[in-house]
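# my questions concern the predicted model and sequence given below.
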Amino acid sequence: MLNEINYKNEAAAMQAPFDSSDPAAEFAQRSGPARRRRGGSQGRTTPDFIVALARGLDVLRCFGPGVATLGNQDLAGLTGLPKPTISRITYTLTELGYLRYHPDSGKYSPGYAVLALGFGLLAGLEVRELAKASMAQLARDTGGAVALGAFDGDAMVYVEAIHGSSELYLRLPVGYRASLDSAMGRAYLAALPETQRAALFERLGQGAPDSAIVAQAHADLQASGCCFALGAWRADINAVAVPFQSVTGEGLLVMSCGGPASLLPASVLRERVAPALRAAVRQLSGNPS
């Protein structure tokens with residue numbers, strides 16, 4: 001939800017022109033991995049894939065935003081795993097500190113060890129630290145919410161979020177998962193090379209965004225270097241997003257800005273916010289000109 005709440009009015013000092021004649025091609029050209037990736041298209045069929053570990057991580061993923069506790073029966077339904085298997089997984093995760101057991105309800109909640117994983121990731125994201133100043137400036141100048149996100153499985157996850165106005169009644173935090181039809185998701189999909197996008201859509205199946213959404217996002221990216229979601233998530237919410245390859249080598253990321261249509265009408269989003277957002281992203285992509 002908040003992905004569409006990344007808002008801005010504009011950063012006059014950051015409105016340098018956007019030079020790329022074909023942004024989608026530029027992103028595709030620079031999206032090659034810095035290191036050799038293991039597994040390739042084989043995914044879970046490769047001998048390197050540890051099924052037991054994957055099942056444990058699938059259980060942890062069930063504890064999303066707004067999910068306080070889950071029992072073994074709940075987890076079995078969410079993962080499709082047999083209840084005896086779930087019982088062994090939850091026992092192991094509890095022993096390791098990744099889950100906490102509540103005797104009064106017979107259910108589990110995330111343990112404190114999960115924090116070490118999350119904060120370890122955030123502490124190691126150099127681009128997050130580099131982005132904070134420009135994100136804060138954008139939030140102040142526009143009054144909107146600014147978010148930095150990365151792709152995770154089937155959604156965009158916020159690694160940083162800054163809110164610039166009391167008018168932002170939805171304040172989604174770091175860790176929030178924005179859908180792929182959000183402005184941030186559209187920008188990510190539009191920047192993916194065609195082969196990677198096709199493979200992703202095949203994996204997502206019916207959960208993939210409509211092809212018309214992707215086509216519009218690709219057209220927006222080519223025309224303006226941005227992707228827009230105007231009233232797409234909610235009729236009163238507008239957002240714009242820009243994909244970029246991080247100068248710190250952390251791959252394809254997206255910065256977005258959005259907010260209530262009363263604060264950021266389409267004209268303001270296109271004419272003032274989008275140029276400021278592009279200017280901020282250029283500094284993070286190592287392409288300041």
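Perfect, thanks for sending it.
# separation between residue 255 and residue 112?
Distance of residue 255 to residue 112, given as C-beta to C-beta, to the nearest Å: 31 Å. C-beta coordinates here come from the backbone N, C-alpha and C atoms, glycine included.
# which of these two has more neighbours?
residue 255 (27 against 9; other C-beta atoms under 10 Å).
# can I take it that the more buried one is in a helix?
No. Residue 255 is assigned strand when assessed by DSSP: H, G, I helix; E, B strand; the rest coil, not a helix.
# report the beta-bridge partner residues of it.
residue 148, residue 242 (DSSP bridges).
# if I look at it, what pLDDT would I see?
Per-residue confidence at residue 255 stands at 96 (pLDDT).
# would you confirm that it contacts residue 244?
Yes. With contact defined as C-beta atoms under 8 Å, residue 255 counts as touching residue 244 (7.2 Å).
# anything in contact with each of the two?
281, 284 (C-beta atoms under 8 Å, 6 or more residues apart in numbering).
# report how many residues lie close to the closest residue in space to residue 207 that isn't next to it in sequence.
In space, and not counting its chain neighbours, residue 207 is closest to residue 154: 6.2 Å by C-beta to C-beta, 6 or more residues apart in numbering. For residue 154, the neighbour count with other C-beta under 10 Å is 14.
# quick one, phi psi at residue 154?
When read as degrees, to the nearest 10, the backbone of residue 154 gives phi -140, psi 20.
# return the per-residue confidence for it.
89.
# wait, is residue 166 part of a strand?
No. Per three-state DSSP, residue 166 lies outside any strand segment and is coil.
# hmm, residue 69 is touching residue 110, no?
No. Judged on C-beta under 8 Å, residue 69 makes no contact with residue 110 at a distance of 9.5 Å.
# the two: who's more crowded?
More crowded of residue 69 and residue 110, by other C-beta under 10 Å: residue 110, with 20 against 15.
# what's the distance between that one and residue 61?
11 Å.
# again with residue 260
Applying C-beta to C-beta, the value for residue 260 to residue 61 is 31 Å.
# hey, where'd the helices end up in the stretch 101-250 of the chain?
113-124, 126-142, 183-191, 194-204, 211-224 (DSSP state H, counting those that start in this stretch).
# just name the most buried of those.
Sort the helices of the stretch 101-250 of the chain by mean neighbour count, taking mean count of other C-beta atoms under 10 Å, and helix 183-191 sits at the top with a mean of 30.
# export stretch 69-78 as PDB, just CAs?
Extracted in PDB, the C-alpha atoms of stretch 69-78 (Å, rounded to 0.1, in the frame of the first residue of the first chain):
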ATOM      1  CA  THR A  69       1.100 -15.500  15.600                       C
ATOM      2  CA  LEU A  70       0.600 -18.700  13.700                       C
ATOM      3  CA  GLY A  71       0.100 -22.300  14.800                       C
ATOM      4  CA  ASN A  72       1.300 -25.400  13.100                       C
ATOM      5  CA  GLN A  73      -2.000 -26.000  11.500                       C
ATOM      6  CA  ASP A  74      -1.900 -22.400  10.100                       C
ATOM      7  CA  LEU A  75       1.600 -22.900   8.800                       C
ATOM      8  CA  ALA A  76       0.700 -26.200   7.200                       C
ATOM      9  CA  GLY A  77      -2.100 -24.500   5.300                       C
ATOM     10  CA  LEU A  78       0.000 -21.600   4.200                       C
END
